[in-house]
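In: Let's see this in three dimensions:
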Amino acid sequence: MPLFEPDSIRALVGDRADGERTLDLRGVSLSYARSAISQMLERWRTDDLTSVVIRIDSATATSGETLFLPVGRQLLEARKRGLITRFHPLPEGDGGGFYVELPGRPRDEDTQQ
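Out: Okay, here's the model as predicted:
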């Protein structure tokens, strides 16, 4: 595996590691993590854009499979559906997880409620 300088890594994954909200999924099962993310995406509807940091366990030499790939795939699918504006993995040193931006409620939804 190639070695990257910290600045190069931040250029690839982004530099935001703090969000307005935190969803801590450390130590939970994959099914619980998927359910928690789905609930977050369904329930979070505000007028303004907001950011969420999703924390997952970091990989270790003995950790086996982590939540990184399944959660990343779920977030990618949500972005394709317009439920997420953007997301990226947390920078090295900030632990495992993702920085996620959720869009505000579209203005036409305001008139339907």
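In: C-alpha only now, for contacts and for neighbours.
Out: Noted.
In: if I read this right, residue 25 contacts residue 55, doesn't it?
Out: Yes - using C-alpha atoms under 8 Å, residue 25 is in contact with residue 55, at 5.6 Å.
In: can you map out the helices along this structure?
Out: Applying DSSP state H to the chain gives helices spanning 6-13, 30-43, 68-80, 107-112.
In: isn't residue 97 right up against residue 59?
Out: No - contact criterion C-alpha under 8 Å: residue 97 and residue 59 do not qualify, at 10.6 Å.
In: give me every residue that touches the closest residue to residue 50 other than its chain neighbours.
Out: Excluding the flanking residues, the one nearest residue 50 by C-alpha to C-alpha, 6 or more residues apart in numbering is residue 102, at 5.3 Å. With contact set as C-alpha atoms under 8 Å, 6 or more residues apart in numbering, residue 102 has these partners: 44, 49, 50, 51, 52, 83, 84, 85, 86.
In: For residue 20, what are phi and psi?
Out: Here is the backbone geometry of residue 20 (degrees, to the nearest 10): phi -70, psi -30.
In: Wait, it touches residue 48, no?
Out: No - taking contacts as C-alpha under 8 Å, residue 20 lies outside contact range of residue 48: 11.7 Å.
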